[in-house]
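Enquirer: Fold the following for me, if possible:
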Amino acid sequence: MAELPNAVIKRLLTKHSDGLRVSGSALGQAVAAVEGYAARLAQEAAASASANKRKTIMDGDIEAARARLG
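Expert: Residues are numbered from 1 along each chain as shown. Predicted structure coming up:
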C-alpha cells in the first residue's frame, strides 16, 4: 500500500508536464517510483550517519546519498 498521497504526486506530475493529465495506472507507477527512491535515499543517508557515528541524519548525509544515487 502506498504511503505517499496520490494527490501530491499527481500535482507534481501535472505541474512538471505542462498540465498534461495523468492516468490512474501512470499515477500508481509514479507513486511506487517516488517511494522506492525515497526508501533508497533514506537507507543511504542512514548509512552515512551511522558511518559518522551519529544517530541523526543531517543535511550532509542527504546530499551524500543523493550524489551516490544519482
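
Enquirer: Using the centroid of this structure, identify the residue furthest from it.
Expert: Within the chain, K53 marks the point farthest from the mean C-alpha position, 24.4 Å out by Cα atoms, centre = their mean.

Enquirer: Okay, buried residues for the helix ranked longest in the chain please.
Expert: Secondary structure of the chain per DSSP state H: the longest helix is helix 24-51. Buried residues in helix 24-51, counted by 16 or more other Cβ atoms under 10 Å: 27, 30-31, 34, 41, 44-45, 48-49. Any C-beta I mention is one placed from the backbone N, CA and C, and that applies to glycine too.

Enquirer: Skip ahead from that helix and say which helix or strand is next.
Expert: Scanning forward in sequence from helix 24-51 by DSSP states H and E, the next helix or strand is helix 59-69.

Enquirer: residues of whichever strand or helix holds L12 that come out buried?
Expert: Secondary structure from DSSP H and E places L12 in helix 6-15. Within helix 6-15, the residues scored as buried using 16+ other Cβ under 10 Å are 9-10, 13.

Enquirer: and the direction of it versus that of helix 24-51, what angle?
Expert: Helix 6-15 and helix 24-51 are oriented at 100 degrees to each other (axes from the mean of the first three to the mean of the last three Cα atoms, to 10 degrees).

Enquirer: would you put the C-alpha positions of helix 6-15 in PDB?
Expert: Written as PDB, here are the backbone C-alpha positions of helix 6-15 (Å, rounded to 0.1, in the frame of the first residue of the first chain):
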ATOM      1  CA  ASN A   6      -1.600  10.200  -4.700                       C
ATOM      2  CA  ALA A   7      -2.700  13.800  -4.900                       C
ATOM      3  CA  VAL A   8       0.800  15.100  -4.100                       C
ATOM      4  CA  ILE A   9       2.400  13.000  -6.800                       C
ATOM      5  CA  LYS A  10      -0.300  13.800  -9.300                       C
ATOM      6  CA  ARG A  11       0.100  17.600  -8.600                       C
ATOM      7  CA  LEU A  12       3.900  17.300  -9.100                       C
ATOM      8  CA  LEU A  13       3.400  15.300 -12.400                       C
ATOM      9  CA  THR A  14       0.900  17.800 -13.700                       C
ATOM     10  CA  LYS A  15       3.000  20.800 -12.700                       C
END
